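**Student:** pasting a predicted model and its sequence here:
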2 protein chains.
Amino acid sequence: MSQYWSQLVHSLTPYVPGEQPKVDNLIKLNTNENPYPPSPKVLEAISEQNNEKLRLYPDPNSDILKQSIADYHNLNPNQIFVGNGSDEVLAHAFQGLLKQDAPLLFPDITYSFYPVYCGLYGIEYNNVPLNNDFEIDITEYEQKCGGIIFPNPNAPTGRLLALDKVKALLEMHPNRVVLVDEAYIDFGGQSAISLVNDYPNLLVTQTLSKSRSLAGIRVGFAVGQAHLIEALERVKNSFNSYPIDRLALFGATASFADEDYFQACCQKIINTREALTSAMTEMDFKVIPSAANFIFAKHPEQDAEKIALALRERKIIVRYFNKPRIDQYLRITIGTDAENDALIAALQEITQ
Amino acid sequence: MSQYWSQLVHSLTPYVPGEQPKVDNLIKLNTNENPYPPSPKVLEAISEQNNEKLRLYPDPNSDILKQSIADYHNLNPNQIFVGNGSDEVLAHAFQGLLKQDAPLLFPDITYSFYPVYCGLYGIEYNNVPLNNDFEIDITEYEQKCGGIIFPNPNAPTGRLLALDKVKALLEMHPNRVVLVDEAYIDFGGQSAISLVNDYPNLLVTQTLSKSRSLAGIRVGFAVGQAHLIEALERVKNSFNSYPIDRLALFGATASFADEDYFQACCQKIINTREALTSAMTEMDFKVIPSAANFIFAKHPEQDAEKIALALRERKIIVRYFNKPRIDQYLRITIGTDAENDALIAALQEITQ
């Protein structure tokens, strides 16, 4: 508290990211990072840019990256917005598109940054309950609103909403923006990007942090019709001209040029997820069906927080949320097969 | 214009950064970049981080960088805030500290992003005129205000405000934040960072983009007492958890470890600036005394915009602002000695 703060600052409840421990030799399954390295082509592209030109500003419009994402999805570059991680992209979307004269709707169990953005920009919101299976029930969204946002697959549940239901939401509120936050879509869902040209109210965000193994370079993007992208550009250009640095710009661009590597990584993670789901189900865990690179699971008898602590003693860290409805669940990132084996062995020990 | 935009977006007038041309072989003196490469130690540090660990998020608190800046200035890490370029740091400061119940004050001729931030966050402001020599007249700031911000040295004029006058402003408004934006301070000014422990209302911002030749990696920082830094952290953690990527984090940190290189670069630029000032004065230009890595100058007879166009024909780009009071001035970044010689020769040709 300080007399010098703007009034807003007193009321903020900042987001708390998952722990980034500074010691090595932990099995880190707490922040949904990819266990596999980025494509060697990414490292090569970054290496090529690591030279005296770092003295120069990057392209403020990140044109080569927009072009490359546009080509990848068969769209125009003016349908692409890029930012410093999808968190920055989301922040601009909250300020530039989702702040309206009626409450924003999002699930009660969802990415916990959403209410934080609402606090930052003074956006009223209503939480819409997931059903008892942690599914989004679209009929619950038949209410007056200023917009809708949800992750698909949802986080931290991992549950996917089928594309026909996304369409139904878009048609239910044609005058409101529906933002589909697809941070995890590459691990088993069908992207709503295919709908962008049909729905002027659809904005889709994605990130390179998860499926492209690039959490370390901070690049996310939004895809939508040009009029929505223009709102984001206007906000961005009133905030920071150059959010994507030269190294990230070229590294991210290279990632889209290595499709085989990308697909192979995603497939490995999907396979490991299915193996983990089977193993945990055998241990009596209830595992929510996941289309993401993590699973959300609870044990019928053992306390989730205690399991998390017991895993930690074994140098495995997972994410526990002390929140209503989910305080008996753990969110566990899918690691390599070796990490997965260690996790399964530890869980067997703990729950036996 | 779109029905989907938040109301705010309609009223924004985004900042327009200097051109980043995509062709080479231009003498680029338009965006105040450093003509010398970053320290080799920076490139080495980045290269060491360009590995499989890019799959992991960076440290959300950028602790090693804060520690290194704190050590450099003999302060504590909780007195340091870091962001994605000083533009992002400034944006958070506008939202978190400078939005108050009275107008923000800044010079009429100054960094043109300031009114843009005011538009983004709904901050009322008053422009305070520079005197006829383009100096900040601190007596003009004896008025009710919610805070004060100015670049020191000022941009685009290059004029420095002496530290005793900065102190006088801090003492004139002890209950308001005075933000000294020192993007160019290393080229000849005395930093107000030395005053931070004495003034609870002082926030100083700096950037690695100019004097440290790192515009390409987007790192800026703020220095102030812990209560001011906390406001920035609260805003930042409500906006984007990880604004500094892994490569930028380690590159920026390495820059503070190579003091000799840094000092030598700054001194070369100061020498070239003095040489350019003499040469242009001989050509009858009026050159405003500069403490920055650029000069601001006008010719008594020749139109500034025409000179800029004539330079461009000779593949030299400088910055021209079509704005009241300064539309006969050019802002020219200090280049290498060879670039400087080419510039002088071109100006002689144009003005003879």
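**Tutor:** Looks like it arrived, so ask away. Residues are numbered from 1 along each chain as shown, chains lettered A, B, ... in the order given.
**Student:** which bits of the stretch 251-352 of chain A sit near chain B?
**Tutor:** For the stretch 251-352 of chain A, the residues in contact with chain B under the definition CB under 8 Å from any CB of the partner chain are A:G251. To be clear about C-beta, it is placed using only N, CA and C from the backbone, and glycine gets the same treatment.
**Student:** what residues are up against the residue nearest the centre of chain A?
**Tutor:** Averaging the C-alpha coordinates of chain A gives a centre point, and the residue nearest to it by CA atoms, centre = their mean is A:A183 (3.2 Å). In this structure, A:A183 makes contact with A:86, A:111, A:151, A:155, A:205-207, A:209-210, judged by CB atoms under 8 Å, 6 or more residues apart in numbering or on different chains.
**Student:** in strands, which of those fall?
**Tutor:** Judged by DSSP state E, strands contain the following of the contacts of A:A183: A:151, A:205-207.
**Student:** between those residues, which is nearest chain B?
**Tutor:** Nearest to chain B among these: A:T207, at 11.1 Å, using CB to the nearest CB.
**Student:** is it true that that closest one touches A:G220?
**Tutor:** Yes - contact status for A:T207 versus A:G220: in contact at 4.2 Å, counting by CB atoms under 8 Å.
**Student:** find residues that contact each of these two.
**Tutor:** Taking CB under 8 Å, 6+ apart as the criterion, A:T207 and A:G220 both touch A:85-86.
**Student:** stretch A:104-121: which residues count as buried?
**Tutor:** Under the neighbour-count criterion of 16 or more other CB atoms under 10 Å in any protein chain shown, stretch A:104-121 has A:104-107, A:109-111, A:113-121 buried.
**Student:** mind listing the helices for the stretch 251-352 of chain A?
**Tutor:** Taking DSSP state H, counting those that start in this stretch as the test, the helices found in the stretch 251-352 of chain A are A:259-282, A:304-313, A:337-351.
**Student:** elements contacting the first one?
**Tutor:** Translated: helix A:259-282. Using 3 or more CB pairs under 8 Å, 6 or more residues apart in numbering or on different chains; DSSP states H and E as the contact criterion, the secondary-structure elements in contact with helix A:259-282 are strand A:286-287, strand A:294-298, helix A:337-351.
**Student:** JSON lines for the ones you listed, including distance to A:Q190?
**Tutor:** Shown next, in JSON lines, are the helices and strands packed on helix A:259-282 (distance: least, CB to CB, whole Å):
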{"stretch": "strand A:286-287", "distance to A:Q190": "22"}
{"stretch": "strand A:294-298", "distance to A:Q190": "19"}
{"stretch": "helix A:337-351", "distance to A:Q190": "26"}
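**Student:** and the residue nearest to the centre of chain A, helix, strand or coil?
**Tutor:** Under DSSP: H, G, I helix; E, B strand; the rest coil, the three-state class of A:A183 is coil.
**Student:** can you list the domains in chain A?
**Tutor:** Listed by automatic domain parsing, the domain ranges of chain A are A:7-37+A:259-351, A:41-255.
**Student:** so of those, which one's packed in deepest?
**Tutor:** For the domains of chain A, ranked by mean neighbour count under the definition mean count of other CB atoms under 10 Å in any protein chain shown, the leader is domain A:41-255 at a mean of 21.
**Student:** now distance to B:L54 and mean pLDDT too, for the helices of the stretch 251-352 of chain A, in JSON lines please.
**Tutor:** Shown next, in JSON lines, are these (distance: least, CB to CB, whole Å; pLDDT from 0 to 100):
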{"stretch": "helix A:259-282", "distance to B:L54": "13", "mean pLDDT": "98"}
{"stretch": "helix A:304-313", "distance to B:L54": "25", "mean pLDDT": "97"}
{"stretch": "helix A:337-351", "distance to B:L54": "18", "mean pLDDT": "97"}
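**Student:** out of the ones you listed, which gets nearest to A:K28?
**Tutor:** Each of the helices of the stretch 251-352 of chain A was checked against A:K28 via CB to CB, and the shortest separation belongs to helix A:337-351, namely 8.6 Å.
**Student:** so what's the gap between the closest one and the chain middle?
**Tutor:** Using CA atoms, centre = their mean, to the nearest Å, the distance from the centre of helix A:337-351 to the centre of the chain it belongs to is 26 Å.
**Student:** ok, stretch A:117-124 next?
**Tutor:** When distances are taken as CA atoms, centre = their mean, stretch A:117-124 is centred 19 Å away from the chain's centroid.
**Student:** just to revisit the earlier point, please list which of the contacts of A:A183 are also close to chain B.
**Tutor:** Intersecting those with the surroundings of chain B, defined as CB under 8 Å from any CB, gives A:S209.
**Student:** go through the contacts of A:A183 and name the one nearest B:L130.
**Tutor:** A:S86 (41.8 Å).
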